[in-house]
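Q: Return atomic coordinates for the entry below.
(2 chains)
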Amino acid sequence: QLQLVESGGDLVKPGGSLRLSCAASGFTFSDYYMSWFRQAPGKGLEWVAYISNSGSYAIYADSVERRFTVSRDNAKNSLYLQMNSLRVEDTALYYCASAGTLNWFDSWGQGTLVTVSS
Amino acid sequence: VVMTQSPATLSVSPGEGAALSCRASQSVGINVAWYQQIRGQPPRLLIYGASTRATGIPARFSGSGSGTEFALTISSLQSEDFAVYYCQQYNDWPPFTFGGGTKVEIK
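A: Coordinates of the predicted model:
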């Protein structure tokens, strides 16, 4: 059974850093493109980052470009999001999700909460 | 591509049908997906390719449309269907964009 489990969310001060992880199981992780999304409290869904199955290609939302870095370790079936220079507006529940053939997103983790506050 | 959903809230009685709308600011072909998000849970893929049900999704959910106009229809609402629904385009990216959501609530 396909499962994605995020971890690493925490309370951090503005300007701080955090690394999120997403552990995958139940499928061949190295075959799948993956993405990170976020959802601010009471708000809608926002795409954050996307990475190819090999990790050689990654793209980002303008709001996080040059501050966040997505990576993966296929040997460990894990996806990561390194978040630097965090801002109050980065406060959200962060989800990892697997991409379907044409980039719908067919499986989602339960999310990990990032709170940026002084 | 801006995705606009309407209405923002839909009040429906159990057993009734519901029609949700999603409009794209430019043509996205049939590259639209729909997700359901029950309170406190992650999104769940319902529909991709504008009209193809994802694995395990009941037949009461159906999607339609192409170009700029899309719809999600729920034929007879069950208690577990009261949730927020989002459309997403994957035709022109980055970024992948979502509509603002339609909340389907009990009337």
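Q: all strands of chain B, in order?
A: B:3-6, B:9-12, B:18-24, B:32-37, B:44-48, B:52-53, B:61-66, B:69-74, B:84-89, B:97-98, B:102-106 (DSSP state E).
Q: okay, the angle between the fifth one and strand B:32-37?
A: Interaxial angle, strand B:44-48 versus strand B:32-37 (axes from the mean of the first three to the mean of the last three CA atoms, to 10 degrees): 160 degrees.
Q: Contact residues of chain B facing chain A?
A: B:31, B:33, B:35, B:37, B:41-45, B:48-49, B:54, B:86, B:88, B:90, B:93-101 (CB under 8 Å from any CB of the partner chain). The C-beta positions use only the backbone N, C-alpha and C, and glycine is treated the same way.
Q: ok, A:V88 to B:T9 distance?
A: Distance from A:V88 to B:T9, counting by CB to CB, to the nearest Å: 28 Å.
Q: how near is the residue nearest the centre of chain B to A:A99?
A: Centroid-nearest residue in chain B: B:W34, 3.9 Å away (criterion: CA atoms, centre = their mean). Here the criterion is CB to CB. By it, B:W34 lies 16 Å from A:A99.
Q: what do you get for B:T73?
A: With CB to CB as the criterion, B:T73 and A:A99 are 26 Å apart.
Q: cool, and A:D62?
A: 20 Å.
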